[in-house]
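Engineer: any chance you can model this:
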Amino acid sequence: MEQKKGFTKDFWLVVAGQIISLFGNSIMRFALPIHLLNVTGSAALLGIVSGFAFLPLAVMAPIGGMIADRVNKRNIMVFLDFFTSGLTVLFLILYGRVSLTGLVLVMLFMLYGISGAYQPSVQASIPVLVDTEHVMTANAVINMISSLSGLLGPALGGIAYSLWGIYPILYVAALCFFISAVMEIFIHIPFVKRTRMESILREMGADLKESLSFIMHKKPEIGKLTLCCAGVNMVLSALMIIGLPVIVMQLLDFSTAQASRLYGFMQGVLAIGGLIGGIGAGALGGKLEVRKSWKLLGFCGILLIPMGITLFADCSPWVAYIVLAAAGMTSMALAAIYTIQIMSYIQITVPQEIVGKVISWVIAVSTCAQPIGQVVYGILFEQLKRGAWIVFMIAAICSIGIAIYNKKCVEQL
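Structural biologist: Take a look at the predicted model:
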């Protein structure tokens, strides 16, 4: 294969497709539940629909990984964007003719499932589109797009929905997905077609066994690093997503209106932390060593300690808010750098014929871990109330424990 130098035109086309697909997907995943809430007025229904919607992402990620290793990754991206465009048009056709709750639930299921199937193809294409030296930076670019979509997608969706309602959002989204699919047709991703010797179900079963065997036996350190990524999502990310809003909205002595605004700012600060981490990983590139990645997790754990002390000391609301925001943003930045490092290591070390399947397992396990952490933290904060500082101290101990485990893992690389 011809040596790749830096970022090729094909890589930038993948990036452009990611921008359109992730932003469109993110905006729709925000606007549809809000529309459901406005129409039905049921917060409980919103919670049930939103809670179940993440399941297809975890289910489809391994399937998407298996497909990514057997089908041209460009064709997967093209098909999924065309499919999403058509799905959006179908939603518009059925709107008002069937139950809105069922329609929104199915649409969210499909959007999350498409996201789960889409990402393994993107991640698996990186090591064949850029040289080894630039894999870390390429991952940082993809991560920054993901962070930006998480930061700006809901904001843009909220503004658009408040101004024009749900219809214009869906029309524009359908058009954008269609344009993205047409653009992706011109991407060239090296692909060697595999001859099928048996039924597709048996081949998928064999692929599943092969990837699990690789993770658990041939390269067990990848399985251990996957557990570390899951631990970061379950202990750290879930704490930031659940704990900080609860503290700002319920525990700090802000007025209701002020707390709502500060909650929004806090969410933006966390997303900015992830963006800073992506920029940092891209800027540092090859200077980052996976053997030292455990230090990032250690620092994340240490940052939770002043957050807990601030709550224990019963500081003024503004002091507590500033400490929580600064430490939270820094933690999310370090966690983003860690995730990029681990993903880059996997892409470089895993054979190309199974890299999609292996990455999909990392995504699936990490995705499943976060909602588990969110449920646990929700219960803990509900029970402990003013003892929230205890939760942060427990999380700090767990994070440092994950860092120590990660240190032992990377020492074996």
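
Engineer: all helices of the stretch 251-400 of the chain, in order?
Structural biologist: 256-284, 294-312, 317-349, 355-384, 388-410 (DSSP state H, counting those that start in this stretch).

Engineer: got JSON lines for these, with mean neighbour count too?
Structural biologist: C-beta: built from backbone N, CA, C; applies to glycine. As requested, the helices of the stretch 251-400 of the chain are exported to JSON lines (neighbours: other CB atoms under 10 Å):
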{"stretch": "helix 256-284", "mean neighbour count": "18"}
{"stretch": "helix 294-312", "mean neighbour count": "20"}
{"stretch": "helix 317-349", "mean neighbour count": "21"}
{"stretch": "helix 355-384", "mean neighbour count": "20"}
{"stretch": "helix 388-410", "mean neighbour count": "19"}
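
Engineer: quick one: low-confidence parts of the stretch 1-150 of the chain?
Structural biologist: Along the stretch 1-150 of the chain, the model assigns pLDDT under 70 to residues 1-6, 42-54, 147, 150.

Engineer: pLDDT below threshold where in the stretch 151-300 of the chain?
Structural biologist: 151-155, 158, 192-205, 207-208, 257, 260, 263-264, 285-286.

Engineer: quick check: Y405 touching L225?
Structural biologist: No: between Y405 and L225 there is no contact under CB atoms under 8 Å: 10.0 Å.

Engineer: check the gap between A206 and I354 for me.
Structural biologist: Between A206 and I354 the distance is 11 Å, computed by CB to CB, to the nearest Å.

Engineer: neighbours around S237, how many?
Structural biologist: Burial of S237 is recorded as 21 neighbouring residues (other CB atoms under 10 Å).

Engineer: what's the distance between it and P62?
Structural biologist: In terms of CB to CB, S237 sits 21 Å off from P62.

Engineer: cool, and Q258?
Structural biologist: Taking CB to CB, one finds Q258 at 44 Å from P62.

Engineer: now do V290
Structural biologist: Distance from V290 to P62, by CB to CB: 24 Å.

Engineer: compare these two and say which one has the larger neighbour count.
Structural biologist: The neighbour comparison of V290 against P62 (other CB under 10 Å) goes to P62, with 25 against 21.

Engineer: can you tell me the closest non-neighbouring residue to that one?
Structural biologist: Sequence neighbours aside, S360 is the residue nearest to P62 in space, at 4.8 Å (criterion: CB to CB, 6 or more residues apart in numbering).

Engineer: wait, what's in contact with that neighbour?
Structural biologist: Counting by CB atoms under 8 Å, 6 or more residues apart in numbering, S360 touches A61, P62, I63, G64, G65, M66, A68, P120, S211.

Engineer: in helices only, show me those residues.
Structural biologist: For those, the ones inside helices are A61, P62, I63, G64, G65, M66, A68, P120, S211, with DSSP state H as the criterion.

Engineer: turn the helices of the stretch 251-400 of the chain into JSON lines, including distance to N38.
Structural biologist: Shown next, in JSON lines, are the helices of the stretch 251-400 of the chain (distance: least, CB to CB, whole Å):
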{"stretch": "helix 256-284", "distance to N38": "17"}
{"stretch": "helix 294-312", "distance to N38": "35"}
{"stretch": "helix 317-349", "distance to N38": "30"}
{"stretch": "helix 355-384", "distance to N38": "24"}
{"stretch": "helix 388-410", "distance to N38": "32"}
